[in-house]
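Engineer: Below are the sequence and a predicted model; questions follow.
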Amino acid sequence: MHRMIFAGSLLLALATSAMAGQVYKWVDAQGVTHFGAQPPDGQEATSVNTSVPKPRPSLPLLDSEIEQQQASQPASKPVGDQKAIDEKVKAEVATQEAERRKYCDNIRTNLAQLQNNPRLRTEVNGEMRRLSEEERQSRIKDAEKAISENCN
């Protein structure tokens with residue numbers, strides 16, 4: 001609870017500091033730190049520096065600076081593991097997407113054949129037989145449904 005009050009008063013102080021200028025910090029009798037635009041009566045308060053330094057322009061790093069940064073950063077295994085996991089997931093998603101595209105292409109090809117050829121034959125139990133018009137229409141509806149559900 002005290003942390004929420006502290007965070008809220010800090011945000012309020014920083015927001016008002018952008019408009020007002022001077023911010024004061026003090027600790028009350030319960031040990032809670034407060035910030036405000038005016039110091040409290042009868043209590044010691046310190047002035048808080050709220051000026052934000054201007055960002056310096058970014059210059060290209062020298063090779064020695066890059067090596068120094070890389071050497072100073074600890075090698076964290078979880079980041080590497082996370083990258084490996086991300087790559088694995090990306091590969092799986094790409095594989096699934098390729099399979100989906102292939103499935104959609106096949107369904108669209110089948111639908112075009114069903115719509116354009118009234119006399120189609122199919123193999124049933126090793127024997128070829130002609131599809132009836134009802135079977136053909138049923139397969140057309142099934143293909144259209146599969147396309148609408150799976151292929152954007």
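Structural biologist: Received the coordinates, thanks.
Engineer: Helix or strand next in line after the helix or strand E92 falls within, which one?
Structural biologist: Assigning secondary structure by DSSP states H and E places E92 in helix 77-116. With elements assigned by DSSP H and E, the helix or strand that comes after helix 77-116 is strand 121-124.
Engineer: Looking only at stretch 113-121, what residues are buried by neighbour count?
Structural biologist: Across stretch 113-121, burial judged by 16 or more other C-beta atoms under 10 Å covers L114. Quick note: C-beta positions are derived from backbone N, CA and C, even for glycine.
Engineer: quick one: terminal-to-terminal distance for that stretch?
Structural biologist: By C-alpha to C-alpha, to the nearest Å, the extent of stretch 113-121 from end to end equals 11 Å.
Engineer: Show me the contact partners of that stretch.
Structural biologist: Contact partners of stretch 113-121, identified using C-beta atoms under 8 Å, 6 or more residues apart in numbering, comprise M128, R129, R130, L131, E133, R136, R139, I140, A143.
Engineer: again with stretch 125-141
Structural biologist: Counting by C-beta under 8 Å, 6+ apart, N110, L111, L114, Q115, P118, R119, L120, R121, T122, E123 sit against stretch 125-141.
Engineer: CA atoms of that stretch as PDB?
Structural biologist: C-alpha atoms of stretch 125-141 as PDB (Å, rounded to 0.1, in the frame of the first residue of the first chain):
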ATOM      1  CA  ASN A 125     -12.900 -50.400 -53.600                       C
ATOM      2  CA  GLY A 126     -10.400 -50.600 -56.500                       C
ATOM      3  CA  GLU A 127     -13.100 -50.000 -59.100                       C
ATOM      4  CA  MET A 128     -13.700 -46.800 -61.100                       C
ATOM      5  CA  ARG A 129     -17.200 -45.400 -61.100                       C
ATOM      6  CA  ARG A 130     -18.900 -42.200 -62.200                       C
ATOM      7  CA  LEU A 131     -20.100 -39.600 -59.600                       C
ATOM      8  CA  SER A 132     -23.700 -38.900 -59.600                       C
ATOM      9  CA  GLU A 133     -24.800 -35.200 -59.800                       C
ATOM     10  CA  GLU A 134     -25.900 -35.300 -56.200                       C
ATOM     11  CA  GLU A 135     -22.400 -36.600 -55.100                       C
ATOM     12  CA  ARG A 136     -20.700 -34.000 -57.300                       C
ATOM     13  CA  GLN A 137     -22.800 -31.200 -55.700                       C
ATOM     14  CA  SER A 138     -22.200 -32.500 -52.300                       C
ATOM     15  CA  ARG A 139     -18.400 -32.600 -52.900                       C
ATOM     16  CA  ILE A 140     -18.600 -29.000 -54.300                       C
ATOM     17  CA  LYS A 141     -20.300 -27.800 -51.100                       C
END
